[in-house]
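**Q** Prediction below, plus the sequence it came from.
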Amino acid sequence: MYSNARPSRRGFTIIELLVVVAVIGILMAILVPAIHQVRESARRTNCASNLRQIGTAVSNYHSVHRHYPVNQIGYGVPVTGGGRGPGYYSWLVPLLPHMDQDNVFKAFNLNVNNSNGGDELGQFVRFRIDDAHPNAMAVSSTIPSFLCPSDSPGKDNTVFGTANPAPGSYVSNAGWPSYATGIAGERATPGIFNGVIPLVHPSFPPNWRGKPRIGVRDVSDGLSNTTLASERMIQTGMSAAEINNGDPRLQVRHLLNWTETLGEIVNQMTSTHAHVQQSAYMGRAWASGSPWAAPFFMHVMTPNTASGYYNSQAATTQGTDFGDFVVTPSSFHPGGVNVVMVDGSTKFVADFVDPQIWWAVGGRTDGIINASLD
């Protein structure tokens, strides 16, 4: 018998639909973190590539000048007619010609102070760079190789001056603080500079820095056993509240005692009190050598912990001029930071690295030649 009845169409039941949604949710929960992990792995690799490029540029600079570049942590000497001579140039500025950035390098006037002025402007003003400065255009130039791809710096760096300087992620190894008595109290103070990129104050040469020109011959612990540079997160807080409530790795803590062993300095860093002004400038200007910009780091705290600022009376009058900021490497890479060694090799250093090893690879002349980050 013929029937014109149409076959019924069965749709999804509520239960089946919920099962499908649940399955999709589970897949997303699995895939999204995996995608983020792959992306972060690529960013970490690119960051290591940036450091490797910087290491190559330092090697090329050394080949030409027979010594490593310096980081000018202070203003220049007064000159006739007002103003000051060269000062506050970071170690990254002279590397520009060796990183295919010759046009930016030529835009710098290296005969003038790379800041607004001297003491008469106050310590929190003298290192800033305003838009009327001869180097305003140069300091505001973003150099991709100076930025970690995992970091997301803010576009407003006017806290460092109206020139709106471009930020930078990479910091050079300055060794141990000048008044640190070493790993076991074996070091006289002020200690001779034992990092790789010298810290120089053009108008106030501190007696601890030793010779200002350091070369391969001076890295007696071995090029593969001594760090050259690492990375440091860039401050984005624009107010005291944003800094105090922000990432603790970008907070600079008070240090009262500065003639101590490295371990004793670490113990001081349990302080929860951050100094907002010292914290505000971290990483905001790659072209500035000022300790407030902190384009260097000290081998004291292990990676991704807080930084420190000496706040005793002696340190208040000398600490900044000596470059004695206990700046600590930090990054958005999970679990550690990238470093480049003096020989140009890159390594990923875990947050839980043995402090004794971390201290040893920071000193180029400490005599500990068997310390390795591998």
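**A** Thanks, I have the structure now.

**Q** Name all residues that make contact with Ser169.
**A** Going by CB atoms under 8 Å, 6 or more residues apart in numbering, Ser169 touches 47, 50, 146-148, 151, 231-234, 283. Quick note: C-beta positions are derived from backbone N, CA and C, even for glycine.

**Q** rerun that using 10 Å as the cut-off
**A** Taking CB atoms under 10 Å, 6 or more residues apart in numbering, we find Ser169 in contact with 47, 50-51, 145-151, 153, 230-234, 283, 286, 330-332, 338.

**Q** Please look at Asp131 and Phe160 and confirm they touch.
**A** No: using CB atoms under 10 Å, Asp131 makes no contact with Phe160, being 11.8 Å away.

**Q** and the contacts of Ser169, which of them are in strands?
**A** 230-231, 338 (DSSP state E).

**Q** Torsion angles phi and psi at Leu199?
**A** phi -100, psi 120 (degrees, to the nearest 10).

**Q** is it true that it touches Val327?
**A** No: the criterion here is CB under 10 Å, and Leu199 misses it with Val327 at 11.3 Å.

**Q** any residues in contact with both of the two?
**A** 174, 291, 295-296.

**Q** Quick check: of those, which lies closest to Ile26?
**A** In terms of CB to CB, no member of the shared contacts of Leu199 and Val327 lies closer to Ile26 than Pro295, at 46.2 Å.

**Q** On the pLDDT front, check the closest one for me.
**A** pLDDT for Pro295: 94.

**Q** pretty sure it is touching Gly168, no?
**A** Yes: the pair formed by Pro295 and Gly168 meets the contact definition of CB under 10 Å, at 6.7 Å.

**Q** the more surrounded of these two?
**A** The neighbour comparison of Pro295 against Gly168 (other CB atoms under 10 Å) goes to Pro295, with 32 against 28.

**Q** count of neighbours near Phe160?
**A** Neighbour tally, Phe160, other CB under 10 Å: 27.

**Q** tell me which helix or strand of the chain sits lowest on mean pLDDT?
**A** helix 313-322 (a mean of 55; mean pLDDT, DSSP states H and E).

**Q** So the nearest residue to Arg249 once chain neighbours are set aside versus Val349, what's the distance?
**A** Leaving aside its sequence neighbours, Arg249 sits nearest to Ser330 (CB to CB, 6 or more residues apart in numbering; 4.2 Å). Counting by CB to CB, to the nearest Å, the gap between Ser330 and Val349 amounts to 11 Å.

**Q** and if you look at Phe105?
**A** 30 Å.

**Q** higher neighbour count, the two?
**A** Set Phe105 next to Val349 and count neighbours by other CB under 10 Å: Val349 wins out with 22 against 17.

**Q** Assign that one to helix, strand or coil.
**A** Classification of Val349 using DSSP: H, G, I helix; E, B strand; the rest coil returns strand.

**Q** residue contacts, it?
**A** So Val349 contacts 227, 230, 302-304, 329, 331, 335-339, 357-358, 361, 373 (CB under 10 Å, 6+ apart).

**Q** Inside helices: which ones of the residues you listed?
**A** Per DSSP state H, helices hold the following members of the contacts of Val349: 357-358, 361.

**Q** Can you tell me which of those residues comes closest to Pro212?
**A** Looking across these and measuring by CB to CB, the closest to Pro212 is Val361, at 22.7 Å.

**Q** what about the helices in the stretch 201-350 of the chain?
**A** 240-244, 262-268, 276-280, 313-322 (DSSP state H, counting those that start in this stretch).

**Q** what's in contact with the second one?
**A** The one in question is helix 262-268. By CB under 10 Å, 6+ apart, helix 262-268 touches 176-177, 179-185, 187, 253-261, 298-302, 305, 308, 310, 326, 355-356, 358-359, 362-363.

**Q** Just the buried subset of those residues, please.
**A** Listed as buried from those are 176-177, 179-183, 187, 253-255, 258, 260-261, 298-302, 305, 308, 310, 326, 355, 358-359, 362-363; burial here means 16 or more other CB atoms under 10 Å.

**Q** Quickly list what's touching both of Ser330 and Val349.
**A** 230, 303-304, 336-337.

**Q** and which of those residues is nearest Gly210?
**A** Taking those together and measuring to Gly210 by CB to CB, the closest member is Ser230, at 21.9 Å.

**Q** So, low pLDDT: which residues of the protein?
**A** 1-12, 32-38, 118-125, 207-208, 272, 312-321 (pLDDT under 70).

**Q** any idea which residue sits dead centre in it?
**A** Arg232 (3.3 Å; CA atoms, centre = their mean).

**Q** That one - nearest residue in space that isn't next to it in sequence?
**A** In space, Arg232 is closest to Val171, 4.7 Å off (CB to CB, 6+ apart).

**Q** As a check, name the ranges of all strands in the stretch 1-150 of the chain.
**A** Secondary structure of the stretch 1-150 of the chain (DSSP state E, counting those that start in this stretch): strands at 71-72.

**Q** Inside strands: which ones of the contacts of helix 262-268?
**A** Residues of the contacts of helix 262-268 located in strands (DSSP E): 253-255, 308, 310, 326.
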